[in-house]
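Asks: requesting a structural model of the entry that follows:
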Amino acid sequence: MSSRLFVAIVGLVFVQFCGCQGTRGKLAARSSPEIQVSAETVRRAPLPTDNRLGESSPADIVAAKQPSIELTAGEAGPAPTLAEVPIPDSPSLAPGEVITSWTLASLESTALANNPSIRQASSSAHKAIGFRDQVGKKPNPIVGYNGTQLADRGTDQHTVFVEQQVVLGDKLSRNQEVLNQEVQSQLWEVEAQRYRVLTDVRQRYYEALAAQRRLALTKEFHVIAQKGVDVAKARLEAKEGSTPEVLQAEIQLNQVEVQRRQAEAAFRGAWKQLMAVTGLPGTLPGALEGALPSQVTVEDLQLVTSQTLAASPELQAAQARVSRARANIGRQEVQAIPNLTFMLGGGVDRGTNSGMINTQVGLPLPIYNRNEGNISAAQAEFSRACEEVRRIELSIESRIAQAGQEFESAAAAVEQYQQVTLPKAEEALGLTEQAYSAGEFEFLQVLIVRKTYFDANLEYVLSQKNLALAETYLQGMVLSGGLDNTRDTDIGSGLRDQSLSGE
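Replies: Numbers count the residues shown, from 1 in each chain. Just a heads-up that it's a prediction; the model follows:
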């Protein structure tokens, strides 16, 4: 009877052990998938809309139950100044294929699919999800064998046992509450990085577009300046002009040539920066479709500020970290609750040829360590996270104020050039050429007026560029830095280790 009992216990333990092995294999296969980061990874998906501090949103609960999560933040609301441009599918480039013209929409789509910082932020979100799954895992049971009095033949005892640690105080679920908020923070970081990338793409696009426009203007005026040299030389040969006129015309041509070469260099540089943030370095320069802004819209900076503060993913990420810090305080407060260790063993006593069953229960006494230090540290972390939210709010307001100043300055210049300067410069050029044809003006005066008209157009393009840069910055939640290093998760699976130590 005792032998049968021993065999039954050994068989039971063996079956349990094999079952644990199979479960571990399934868990490993399920929780350790190969992460494929692609353009699909960064498509937009809904994120929590309830952003009040200290409360979990419905997305938290759903994310905790689902095995896979979309690693992008969701619709953060409309842009504060302009409607968001719809983003088409990314253009697919075959080997050796060259796109000769680019639109802003195609550049945005390509950047979202190729910029490494978005993938980097998505990987950090994957990382946080993995930690969240890990910190809620129960400890594995211990299966073992114990033999006593083995040297005393005939009185030896053999037992197999199962030992299990029972985590009390709801520590494991509290661990997941902390990591849930960290996951939310990382998802908002992905959304913030999308805004940074889009802002950089738009700003680099308008810089390149302005350089492209300047290059076209210099080429046009280069033709005019060359004709001026030819006219001056013809007048000199006809004894109607003078040598200073020829020299002045040649000087103006050389100046335009310098400006043309500078415009070419500016376009090449702007193009390389644009392709870098788009994720397509080495792409040959092509034509940019579109136009610089010419219509000035009055911006209500107070409204822009309130809309940005309400929808900023940068601020939402900081608020999620406040919720994480608050959850961690609750988690550290239950750490002092000891875990229960239970052991059950069964075997046979050779001396009496009878079966035996042993059991043992124990837990550490929280006499010397009540986790006061970690509770204090968690409270300090919560205070720091709250101040970080306030700091980001003030930073956003400061950036909006700076961008608003630049926008108003550029808008005033664009309006002045459109309504006053360019029409008068064009009128002066026409009257001067008519007066010159009638013999009323000297040729040098014509050159001066032409140069004034040319410079006014270049300054107008510069004002348009500055207006576009300020407008896109306000439009992009005052976030930039599409190639800057992204924030990685700063919390790992250490909470689980703390839960299991209990001492």
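
Asks: now do the contacts for residue 478.
Replies: 308, 396, 399, 400, 403 (C-beta atoms under 8 Å, 6 or more residues apart in numbering). For every residue, glycine as well, the C-beta is placed using N, CA and C.

Asks: can we see that at 6 Å?
Replies: Residue 478 makes contact with 396, 399, 400 under the criterion C-beta atoms under 6 Å, 6 or more residues apart in numbering.

Asks: what's it sitting at in phi/psi?
Replies: Dihedral angles phi and psi of residue 478 (degrees, to the nearest 10) take the values phi 50, psi 40.

Asks: tell me which helix or strand the residue nearest to it when sequence neighbours are not counted sits in.
Replies: Distances taken as C-beta to C-beta, 6 or more residues apart in numbering put residue 399 closest to residue 478, at 4.0 Å, once the chain neighbours are dropped. Element membership for residue 399, per DSSP states H and E: helix 372-416.

Asks: and that helix, how far from the chain's centre?
Replies: 17 Å (C-alpha atoms, centre = their mean, to the nearest Å).

Asks: that one: what's the following helix or strand?
Replies: Criterion used, DSSP H and E; the element after helix 372-416 is helix 422-437.

Asks: give me the neighbour count for residue 489.
Replies: Using other C-beta atoms under 10 Å, the number of residues around residue 489 comes to 21.

Asks: quick check: which element contains it?
Replies: Element membership for residue 489 (DSSP H and E) is empty, with no helix or strand holding it.

Asks: does the nearest residue to it once chain neighbours are set aside lie in a helix or a strand, and which?
Replies: Leaving aside its chain neighbours, residue 489 sits nearest to residue 128 (4.5 Å; criterion: C-beta to C-beta, 6+ apart). Residue 128 belongs to helix 116-135 when elements are defined using DSSP H and E.

Asks: please apply the same query to residue 146.
Replies: Using DSSP H and E, residue 146 falls in strand 142-148.

Asks: quickly run through the sheet partners of the next helix or strand after that strand, with directions.
Replies: Going down the chain from strand 142-148, the next helix or strand is strand 157-166, by DSSP H and E. Strand 157-166 pairs in its sheet with strand 142-148 (antiparallel), strand 340-349 (antiparallel), by DSSP bridges.

Asks: which outside residues touch the longest one?
Replies: So that's strand 340-349. By C-beta under 6 Å, 6+ apart, the residues outside strand 340-349 that reach it are 2, 6, 9, 157-159, 161-166, 355-363.

Asks: the residue nearest to the spatial centre of the chain: which element?
Replies: By C-alpha atoms, centre = their mean, the mean C-alpha position of the chain lies nearest to residue 193, the distance being 1.8 Å. Assigned by DSSP H and E, residue 193 belongs to helix 171-237.

Asks: just checking, what packs against that helix?
Replies: helix 104-114, helix 116-135, helix 243-278, strand 287-288, helix 313-333, helix 443-475 (3 or more C-beta pairs under 6 Å, 6 or more residues apart in numbering; DSSP states H and E).

Asks: any chance of CSV for those, columns distance to residue 219?
Replies: Listed next are the helices and strands packed on helix 171-237 as CSV, based on distance: least, C-beta to C-beta, whole Å:
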stretch, distance to residue 219
helix 104-114, 24
helix 116-135, 36
helix 243-278, 6
strand 287-288, 14
helix 313-333, 42
helix 443-475, 12
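
Asks: any idea which of these gets closest to residue 428?
Replies: For residue 428, the closest of the helices and strands packed on helix 171-237 is helix 443-475, at 5.6 Å, according to C-beta to C-beta.

Asks: tell me the average confidence for the helix or strand that comes right after that closest one?
Replies: Once helix 443-475 ends, the next helix or strand along the chain (criterion: DSSP H and E) is helix 494-501. Mean per-residue pLDDT for helix 494-501: 82.

Asks: tell me where the model's unsure across this structure.
Replies: The model of the chain has pLDDT under 70 over residues 1-99, 298, 502-503.

Asks: as JSON lines, the strands paired with strand 157-166 with distance to residue 416 would be great.
Replies: Converted to JSON lines, the strands paired with strand 157-166 look like this (distance: least, C-beta to C-beta, whole Å):
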{"stretch": "strand 142-148", "distance to residue 416": "81"}
{"stretch": "strand 340-349", "distance to residue 416": "79"}
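
Asks: single out the most deeply packed of the ones you listed.
Replies: strand 340-349 (a mean of 18; mean count of other C-beta atoms under 10 Å).

Asks: quick one: that strand to chain centroid distance?
Replies: Centroid separation for strand 340-349 versus its chain: 53 Å, with C-alpha atoms, centre = their mean.
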